[in-house]
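K.L.:
coords below, sequence missing:
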Ligand SMILES: NC(=O)c1ccc[n+]([C@@H]2O[C@H](COP(=O)([O-])OP(=O)(O)OC[C@H]3O[C@@H](n4cnc5c(N)ncnc54)[C@H](OP(=O)(O)O)[C@@H]3O)[C@@H](O)[C@H]2O)c1
């Protein structure tokens, strides 16, 4: 298995679980570092098509899970163009491609969203991820395109696990009470991606968009309260704000309907109230 972005939050957890599940793993990094037992690391800029094609020809993986995206979410080349490169290189060697997309492709105006929802992004990152989905569909029509909500863990390392205690400690900012998501645990998502990469399983045959999300929809502020309680902090101290009263561009309600994933996967997808309890 080739995993792009093993220096990233999802990629590093996925690589660890892939090794544990028995996969032989090659992982890519760009500017960062990765040291995971059993993972052979390759440094590459995935925007460089010749380098990506050469890497895939050398590695000849059965499956490619593309988690890499621009560290700067507005970096169009790293978000969109690099995905085109990965799709072309995967197709050239006949590898199963599992592409990690985002609920950011959606505007939040017509929830809930099932897999038939077409992208209608409202900001640059969502537009880049939407372009990435389109290029994957065109180049690798058999690929799985996994739409993912906020990814949270319980080891303290995800964005909102780090942000919540910082906000409580007085860092400027607040969490929206009127913007909603269906968060997923990073371990559940990783296991779902491994299933989707595995040939000979129903999930391994899935082509096109698949929502892999938690069953519970919460506001960003409610998520912060759950994280605070789990970290032994006072949930009442999580600062709140209303997106509707501020001049911000954010999809307000990107709840994902993951009914299809629940039928297809053996991995149980837990909701935030459960995994943060
Ligand atoms: N985090 C979330 O809550 C969330 C929500 C929805 C969807 N997603 C999607 O889930 C995936 C993983 O997100 P994440 O938050 O785990 O990502 P992340 O921690 O920001 O890591 C991004 C990864 O992409 C790599 N990368 C960036 N530019 C690159 C380039 N030009 N060439 C090669 N590699 C490059 C980085 O490598 P270096 O660090 O080595 O430079 C890093 O490994 C992404 O596709 C993201 O869109 C994430």
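P.N.:
Arrived safely, thanks for sending. The model shown is predicted, which means the values in this text are computed figures rather than measured ones.

K.L.:
what about the residue nearest to residue 131 when sequence neighbours are not counted, distance to the ligand?
P.N.:
Among residues not flanking residue 131 along the chain, residue 80 sits closest, at 4.0 Å (CB to CB, 6 or more residues apart in numbering). Just so you know, the C-beta spots here come from the backbone N, C-alpha and C atoms, and that holds for glycine as well. Remark: distance between residue 80 and the ligand (CB to the nearest ligand atom, to the nearest Å) = 11 Å.

K.L.:
burial of residue 80, as a residue count?
P.N.:
22 (other CB atoms under 10 Å).

K.L.:
my read: it touches residue 126, true?
P.N.:
No: contact between residue 80 and residue 126 fails when scored by CB atoms under 8 Å: they sit 10.9 Å apart.

K.L.:
I'd like to know which residues of the stretch 1-150 of the chain are adjacent to the ligand.
P.N.:
With CB under 6 Å from any ligand atom as the criterion, the stretch 1-150 of the chain meets the ligand at residues 5, 7-11, 28-32, 44-47, 67-71, 78, 82, 100, 102, 129, 148, 150.

K.L.:
which members of those are classed as buried?
P.N.:
Neighbour counting by 16 or more other CB atoms under 10 Å classes 5, 7-8, 10-11, 28-30, 44, 46-47, 67-70, 78, 82, 100, 102, 129, 148, 150 among these as buried.

K.L.:
contact partners for residue 249?
P.N.:
Counting by CB atoms under 8 Å, 6 or more residues apart in numbering, residue 249 touches 122, 123.

K.L.:
same question, residue 100
P.N.:
If a contact means CB under 8 Å, 6+ apart, then residue 100 has 10, 65, 66, 67, 69, 146, 148, 193 as its contacts.

K.L.:
using TSV, lay out those residues together with pLDDT and secondary structure.
P.N.:
Formatted as TSV, those follow (pLDDT from 0 to 100; DSSP: H, G, I helix; E, B strand; the rest coil):
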residue	pLDDT	secondary structure
10	98	helix
65	98	strand
66	98	strand
67	98	coil
69	98	coil
146	99	strand
148	98	coil
193	98	helix
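
K.L.:
ok so, going back, just the residues of the stretch 1-150 of the chain next to the ligand: which are in strands?
P.N.:
The strands, defined by DSSP state E, take in 28, 29, 100 from these.

K.L.:
for the record, mean pLDDT for whichever helix or strand residue 131 is part of?
P.N.:
Using DSSP states H and E, the element containing residue 131 is helix 124-139. The predicted model assigns helix 124-139 a mean pLDDT of 98.

K.L.:
many thanks, I have nothing further to ask.
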